[in-house]
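Engineer: The sequence and its predicted three-dimensional model are supplied below.
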Amino acid sequence: MRITTEQLQQQLTREIRALYTVYGDETLLALEACDRVRAAARVQGYSEREVLTVDSGFRWSELHLAGSSQSLFASRKILELRIPTGKPGTEGSVALQSYCDAVPAETVTLVQLPAMDWRAQKSGWFEALDNAGVAVEARVVPRKSLPQWLAGRLKAQHQDADSDTLDFIADRVEGNLMAAYQEVQKLALLFPAGKLSFHEVREAVLDVARYDVFNLGEVILEGDPVRLSRMLDGLKGEGAAPPLVLWALAEEIRAIGKVASGAAAGKPVHGLVREARIRGASHQSLMQANHGRYSAPQISEALRHAAAVDRMIKGLAKGDVWSELLQLALRFAKGNTAAVGARRSGGRNAPAGHAPLF
């Protein structure tokens with residue numbers, strides 16, 4: 001059975017299963033999920049704890065021994081198996097499937113894994129873990145869901161804030177959920193229970209946002225020029241390599257072009273999105289909803305602009321690379337107010353010859 005970290009507490013309230021597998025991209029949520037499993041198990045009398053970590057010297061026979069051995073001082077125990085690489089190997093795969101065929105009684109087994117791609121999730125050993133127990137996925141909290149997540153955390157500490165204040169916090173902790181957790185905890189220390197004012201939060205919350213260049217495609221399709229400008233400024237501040245940023249932009253432009261041209265020819269958009277190798281449900285949804293905003297001439301001009309930026313990066317032409325990257329990205333912002341929105345958020349004016357097309 002597969003569930004998310006948000007569903008775990010409800011599942012634990014109903015029953016304690018003998019096997020839990022926690023995996024996913026979001027470290028904070030994975031850690032909290034493991035803590036919840038341990039806490040629930042202790043309430044049920046699982047007082048002993050044994051931890052096995054799969055490293056270069058690990059022997060998979062230890063898993064069987066740990067599962068079959070009983071302590072003289074406790075009849076129930078929590079057995080944790082940590083696989084930091086997410087790759088148990090051939091021997092480990094066989095051992096895990098064998099373990100799942102006969103999960104030991106009087107033991108709660110907690111398997112901890114990193115993020116697993118779809119291929120790994122189709123492997124025999126992972127499916128064995130899934131079928132024998134509960135697989136808990138720690139999913140990344142996307143920017144659009146972050147205010148709601150923050151509101152839930154504030155509510156848990158008897159505080160709340162209006163939507164503008166939650167958006168302000170979200171802008172400053174985007175992509176860094178561990179820091180978001182710390183900032184929320186700090187608000188509990190600084191202010192009493194009740195409504196938080198925007199002024200209080202503005203003075204207290206640090207700008208700890210972290211941006212992933214591989215999320216640029218989704219942000220482009222969302223068409224928010226302010227967020228786009230903030231993301232590129234953040235990538236620049238974090239020392240992201242301009243060639244990588246340009247590659248991400250160009251790949252998204254090409255994908256938009258393929259989907260837009262195919263849709264104009266009457267082909268099914270869903271199939272076109274797959275052919276363009278758009279990964280992730282949210283990215284696919286955004287592409288299907290927004291591809292119609294772009295025309296073939298706009299895509300061609302954007303690719304020419306990308307080629308000009310590439311020459312600047314290689315030192316073959318003069319210009320401000322980051323300013324040009326911003327203007328290239330702003331070509332995909334909604335409406336003609338993109339440049340104005342960018343300037344209001346601290347962006348740069350468009351250089352001559354590269355005014356936003358739309």
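Structural biologist: Looks like it arrived, so ask away.

Engineer: backbone phi and psi for residue 279, please?
Structural biologist: Dihedral angles phi and psi of residue 279 (degrees, to the nearest 10) take the values phi -100, psi 150.

Engineer: SS state for the spatially most central residue of the chain?
Structural biologist: Centroid check for the chain by CA atoms, centre = their mean gives residue 140 as the closest residue, at 3.1 Å. Look at residue 140: counting by DSSP: H, G, I helix; E, B strand; the rest coil, its state is coil.

Engineer: Check the gap between it and residue 209 for me.
Structural biologist: 14 Å (CB to CB, to the nearest Å). In short, each C-beta sits where N, CA and C put it, glycine included.

Engineer: one step back: correct me, but the residue nearest to the centre of the chain touches residue 30?
Structural biologist: No: using CB atoms under 8 Å, residue 140 makes no contact with residue 30, being 10.9 Å away.

Engineer: Now for those two: what residues contact both?
Structural biologist: Listed as contacting both residue 140 and residue 30 by CB atoms under 8 Å, 6 or more residues apart in numbering are residue 24.

Engineer: What is the subsequent helix or strand relative to the host helix or strand of residue 40?
Structural biologist: Element membership of residue 40 [criterion: DSSP states H and E] is helix 27-43. Per DSSP H and E, helix 27-43 leads on to strand 48-53 as the next helix or strand towards the C-terminus.

Engineer: related to what we said a few turns ago, list the buried residues in the helix holding residue 40.
Structural biologist: Within helix 27-43, the residues scored as buried using 16 or more other CB atoms under 10 Å are 28, 29, 30, 31, 32, 33, 34, 36, 37, 38, 40, 41.

Engineer: so what does it touch, helix or strand wise?
Structural biologist: When contacts are defined as 3 or more CB pairs under 8 Å, 6 or more residues apart in numbering; DSSP states H and E, helix 27-43 packs onto helix 5-14, strand 19-24, strand 77-82, strand 107-112, strand 134-138, helix 177-190.

Engineer: Tell me which of the ones you listed sits nearest to residue 127.
Structural biologist: When the helices and strands packed on helix 27-43 are compared by CB to CB, strand 134-138 sits nearest residue 127, at 9.3 Å.

Engineer: What strands line up against that closest one, and which way round?
Structural biologist: strand 2-4 (parallel), strand 19-24 (parallel) (DSSP bridges).

Engineer: so who does residue 198 touch?
Structural biologist: By CB under 8 Å, 6+ apart, the neighbours of residue 198 are 161, 162, 164, 165, 168.

Engineer: Okay, now the unreliable bits of the stretch 101-250 of the chain?
Structural biologist: Scanning the stretch 101-250 of the chain with the threshold set as pLDDT under 70 gives no residue ranges.

Engineer: Which pair of the contacts of residue 198 spans the longest distance?
Structural biologist: For these, the maximum inter-member distance is 9.8 Å, found between 162 and 168 (CB to CB).

Engineer: Between these two, which has more neighbouring residues?
Structural biologist: residue 168 (17 against 14; other CB atoms under 10 Å).

Engineer: Hey, what's the angle from whichever strand or helix holds the more buried one to helix 177-190? Just curious.
Structural biologist: Per DSSP H and E: residue 168 is located in helix 163-173. Interaxial angle of helix 163-173 relative to helix 177-190 (axes from the mean of the first three to the mean of the last three CA atoms, to 10 degrees): 130 degrees.

Engineer: contacts for helix 163-173?
Structural biologist: 143, 146-147, 150-151, 161, 179-180, 183-184, 196-198, 201-202, 205-209, 227, 230.
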